[in-house]
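Asker: Have a look at this prediction, sequence included:
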Amino acid sequence: MASAATPRYTVPGLTVQDAGSVIELLQQRLHSLNDLHLTLKHAHWNVVGPHFIAVHEMLDPQVDRVREMADDVAERLAALGGVAHGTPGTLVKERTWEDYSVGRADALAHLGALDLVYTGIIQDLRSAIKTVGDIDPATEDLLIEQLRDLEQFQWFVRAHLETAGGTLATADAATETEAAEQAATR
């Protein structure tokens, strides 16, 4: 039986069943990227403290690039014959993670929380790359390109959280709230 993501047609060289699997995976990536760009913008609006301007201005290019990534994923999903579901209600209904919980806070607190957000997104993306690797090299290539950018953005975030000795302020954090608290008190 075909899933709801199984298209009626797809790109040459893929079966509709394989395309359906990739479409399901890409839909989760789309949710992840849409959530990330909103989370980054939220942090941009609510960051305060002595590092305000550096973090405020660092986040906007990340927001812009993540929005481009979401568009690329949605277009690939459509090219495979799928439907890109990008509404807020669908994102909230289908996401597998909790909403970002840090409100108005010190720049380091936001960066600590964002470090964990990036970790989760990058881990999920690496898993997705492994899954599509044998099925669709074009989608794999798209996701690898995005991985490079997301890892660079996490590096930018971590540069604010790292000591000269190479210790990460959020190393022991299991939740974004813990990470925010650890980073703000370092």
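Answerer: Everything's here; your move. Residues are numbered from 1 along each chain as shown.
Asker: Tell me how far residue 128 lies from residue 50.
Answerer: Residue 128 sits 38 Å away from residue 50, taking C-beta to C-beta, to the nearest Å as the criterion. (C-beta placed from N, C-alpha, C; glycine too.)
Asker: Which positions in the lengthiest helix in the chain come out as buried?
Answerer: The single longest helix within the chain, with elements called by DSSP state H, is helix 16-46. Using 16 or more other C-beta atoms under 10 Å as the test for burial, helix 16-46 gives 18-44.
Asker: sorry, back to before: who has more neighbours, residue 128 and residue 50?
Answerer: Neighbour totals were compared for residue 128 and residue 50, and residue 128 leads with 21 against 9 (other C-beta atoms under 10 Å).
Asker: For residue 26, give me its contacts.
Answerer: By C-beta atoms under 8 Å, 6 or more residues apart in numbering, the contact list for residue 26 reads 73, 76, 77, 80, 82, 139.
Asker: coming back round to it: what's the next secondary structure element after the longest helix of the chain?
Answerer: Next in sequence after helix 16-46, counting helices and strands by DSSP states H and E, comes strand 47-48.
Asker: Tell me which other helices or strands that following strand touches.
Answerer: Strand 47-48 makes packing contacts with helix 52-79, strand 105-106, helix 107-133 when contacts are defined by 3 or more C-beta pairs under 8 Å, 6 or more residues apart in numbering; DSSP states H and E.
Asker: Run through who's touching it.
Answerer: Contacts of strand 47-48 (C-beta under 8 Å, 6+ apart): 55, 56, 59, 104, 105, 106, 107, 110.
Asker: can I assume the fourth one is in contact with residue 43?
Answerer: No. The pair residue 104 and residue 43 fails to qualify as a contact (C-beta atoms under 8 Å) at a distance of 10.2 Å.
Asker: Overlap of the contact sets of those two?
Answerer: Counting by C-beta under 8 Å, 6+ apart, nothing touches both residue 104 and residue 43.
Asker: Point out where the protein drops to low pLDDT.
Answerer: 1-4 (pLDDT under 70).
Asker: please redo it, this time with the cut-off set to 90
Answerer: For the chain, the stretches flagged by pLDDT under 90 are 1-6, 163, 169, 171-172, 184-186.
Asker: ok, residue 150 - contacts?
Answerer: By C-beta under 8 Å, 6+ apart, the neighbours of residue 150 are 118, 121, 122, 125.
Asker: try residue 143
Answerer: 29, 125, 128, 129, 132.
Asker: switch the cut-off to 7 Å
Answerer: Contacts for residue 143 (C-beta atoms under 7 Å, 6 or more residues apart in numbering) come out as 125, 128, 129, 132.
Asker: which parts of whatever helix or strand residue 91 lives in are buried?
Answerer: Using DSSP H and E, residue 91 falls within helix 88-94. Neighbour counts over helix 88-94 (16+ other C-beta under 10 Å) mark residue 91 as buried.
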